[in-house]
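Asker: Fold the stuff below for me.
(one chain, ligands or ions: 1)
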Amino acid sequence: MPYDYTGKIALVTGSSRGIGAGIVQAFDERGARCVVNYVADPQGRNQADAEAVAASLRNPLLIECDVGDAAQVQAMMSRIAADCGGLDILVNNAGILRDRTIGKMSEDEWESVLRVNLNGAFHCLRGAMPILRPGGRMVNLASVSGQLGMFGQANYAASKAGLIALTKVAARELARRRVTVNAIAPGFIQTEMTRDLPAEVVAHALAALPLGRLGEIADVVNAALFLCSEEAGYITGQVLNVNGGFFM
Ligand code: NAP
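Answerer: You can find the predicted model right below:
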């Protein structure tokens, strides 16, 4: 199995399902101790999903935390420091969509997406800094929408473009500690987030994909495994596109 994360502590935000769940499972299989994070919802679905993910891991730490809330993130980092002694890998994966054209977009739709996707990543980056060990890795889940500005995604695209800029600043600021900070910009990946896309949007995307297929969770997981590895130690401040050639 490529890559060895034995002895590493890895936090993946929003890891109760989708890409985040795939990333924690891959780190766990390669020896890392993983922190599974979820945000509570009224139905308790996220907690149930997160518990199922955690049950499939060897020695997980399960933490409820809304990454959009700075105080909750601080508490999560304190708990990781106390239980695990520090952190080696942070993957800012938590993200939401609230698509609407600009003229119809409400203040709440704009702010809620910025709050989770951009403020959440900032809270976690800042909160992780004091407990991140030298040689650590940070990876931010951006999106092709942040590069292209997809129709109906003003809030989402702006949050992901901001995340790319945040990645570059953090890469400069953390370089002296040998911590690398990179972004992954997926295209269309088959998860719950894209499940409800209109058929014509999917057909249009497929026609524009040189590799002729939608992406799978494993495609993004493989990019995260590489960027968080020892072997990627001279790569920082970069955006790795995992999009089947949709944007190049
Ligand atoms: P997903 O299935 O919707 O998973 C996102 C996870 O983040 C969910 O578990 C979600 O919980 C959690 N989350 C939402 N708000 C949170 C908060 N405030 N605090 C903590 N966790 C929170 O999405 P995905 O497709 O796996 O996407 C993962 C990341 O990749 C996202 O950042 C997304 O923007 C990015 N991405 C995905 C695609 C794609 O095609 N799928 C393409 C480009 C980029 P809830 O159930 O409460 O929402």
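Asker: For Glu29, give its distance to Tyr3.
Answerer: 10 Å (CB to CB, to the nearest Å). Using the backbone N, CA and C atoms, a C-beta is placed for each residue, glycine as well.
Asker: Enumerate the residues of this structure near the ligand.
Answerer: Contact residues (CB under 6 Å from any ligand atom) of the chain with the ligand: 13-14, 16-20, 37, 39, 41, 46, 66-68, 93-96, 116, 120, 141, 143, 186, 188-189, 191-194.
Asker: Apply 5 Å and report the result again.
Answerer: 14, 16-19, 39, 46, 66-68, 93-96, 116, 141, 143, 186, 189, 191-194 (CB under 5 Å from any ligand atom).
Asker: Now go through those and say which are in helices.
Answerer: Counting by DSSP state H, the residues of the chain next to the ligand place 18-19, 46, 192-194 in helices.
Asker: Need the single longest helix in this protein, by residues.
Answerer: The chain, longest helix under DSSP H: helix 154-174.
Asker: which one is the spatially most central residue of the chain nearest to, not counting chain neighbours?
Answerer: With the centre of the chain defined as its mean C-alpha position, the nearest residue by CA atoms, centre = their mean is Asn93, 1.6 Å away. Take Asn93 and drop its neighbours on the chain: the residue closest to it by CB to CB, 6 or more residues apart in numbering is Gly20, 4.1 Å away.
Asker: burial count for the one you found?
Answerer: By other CB atoms under 10 Å, the residues close to Gly20 number 29.
Asker: Let me see the confidence value for it.
Answerer: pLDDT recorded at Gly20 is 98.
Asker: can you give me the helices in the chain?
Answerer: All helices of the chain, identified by DSSP H, fall at 18-29, 45-55, 70-84, 107-114, 120-128, 144-148, 154-174, 192-195, 199-207, 217-227.
Asker: buried residues in the shortest one?
Answerer: To tie it back to what came earlier, the one meant is helix 192-195. For helix 192-195, burial by neighbour count (16 or more other CB atoms under 10 Å) applies to 193-194.
Asker: Next one: the nearest residue to Ala224 once chain neighbours are set aside from Val144, what distance?
Answerer: Among residues not flanking Ala224 along the chain, Ile23 sits closest, at 5.0 Å (CB to CB, 6+ apart). According to CB to CB, Ile23 stands 18 Å off from Val144.
Asker: Comparing the two, which shows the higher neighbour count?
Answerer: The neighbour count for Ile23 versus Val144, taken as other CB under 10 Å, is higher for Ile23 (28 against 22).
Asker: does that one really touch Val91, like I thought?
Answerer: Yes: with contact defined as CB atoms under 8 Å, Ile23 reaches Val91; the gap is 5.7 Å.
Asker: joint contacts of the two?
Answerer: 12, 224 (CB atoms under 8 Å, 6 or more residues apart in numbering).
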